[in-house]
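Engineer: no sequence for this one, just the structure:
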């Protein structure tokens, strides 16, 4: 999220908090929607080429009409749109912020990739992943996706293991999970620490070791976990870890 380091894409949402309580994540991102793409420009410039290299390492190197992806925390579509353009015939873009998703929909309107998108504005939790969809506005079909992408969202999730298990339930056997997340450094802890209340931050990021441990705990097999790039946000340089795992 741009206000926590300008990442180009995903953010705030996650498990339902239940009831009608206000979600600080949703409120923060709806307020930030107008300048989000500008603030995230450096992240996106680095994240898209890195994503293409990572996907190639996972055997996804060209477009396939039948390939399905889900972008959890899609924001304004900065990574979902390249997925739909270069790799996947169907992309489900999920985010809690209707304002962010509105920008995504404007970007794809009347383009060749518009028909490849399903947009879901919801705080998805494990109970929303079902064998048969009865609520097309929010439910996700179990075992339906070749790829799940989650960029700069994990630090928002109260229970990271349950989140990864939810992603696993969305994937087909052999499906790929790709994650971008802040590297856990002294700098990231300081930056994220200031956002705990306003943006619902629960964690300080990941290291390669904690990524592997998290994937193993959720029954996923890690195939890649290392520093990917650093991006500039205001006067800070934030490090990003990239991880790939398979079901």
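Structural biologist: Thanks, I have it. Since we're looking at a predicted model, the values are computed, not measured.
Engineer: helix or strand right after the one helix or strand residue 119 maps to?
Structural biologist: Under the criterion of DSSP states H and E, residue 119 resides in strand 117-121. Proceeding C-terminally, strand 117-121 gives way to strand 129-130 as the next helix or strand, assigned by DSSP H and E.
Engineer: List the strands paired with the next helix or strand after that next one, with their directions.
Structural biologist: Using DSSP H and E, the helix or strand that follows strand 129-130 in sequence is strand 140-141. Sheet partners assigned to strand 140-141 using DSSP bridges are listed as strand 129-130 (parallel).
Engineer: got a list of contacts for the partner strand?
Structural biologist: 139-142, 166, 169-170 (CB atoms under 8 Å, 6 or more residues apart in numbering). Every C-beta, even on glycine, is put in place using the N, C-alpha and C of the backbone.
Engineer: ok now the helix or strand where residue 215 lies, how far from the chain's centre?
Structural biologist: Secondary structure assignment for residue 215, by DSSP H and E: helix 208-217. How far helix 208-217 lies from its chain's middle: 17 Å, per CA atoms, centre = their mean, to the nearest Å.
Engineer: swap in stretch 209-220?
Structural biologist: Put simply, stretch 209-220 sits 17 Å off its chain's centre (CA atoms, centre = their mean).
Engineer: For that stretch, the averaged confidence score.
Structural biologist: Mean per-residue pLDDT for stretch 209-220: 97.
Engineer: name the element residue 239 belongs to?
Structural biologist: With DSSP H and E as criterion, residue 239 is part of strand 236-246.
Engineer: picking up where we left off before, among the contacts of strand 129-130, which one sits closest to residue 111?
Structural biologist: Among the contacts of strand 129-130, residue 140 lies closest to residue 111 (CB to CB), at 24.2 Å.
Engineer: For that closest one, which residues count as its bridge partners?
Structural biologist: residue 129.
Engineer: Which PyMOL command selects the buried ones in the contacts of strand 129-130?
Structural biologist: Here is the PyMOL selection string for the buried members of these, based on 16 or more other CB atoms under 10 Å:
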select buried, resi 139+140+141+166+169+170
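Engineer: re the thing from before, which strands and helices sit next to the strand holding residue 119?
Structural biologist: Strand 117-121 makes packing contacts with strand 88-95, helix 98-108 when contacts are defined by 3 or more CB pairs under 8 Å, 6 or more residues apart in numbering; DSSP states H and E.
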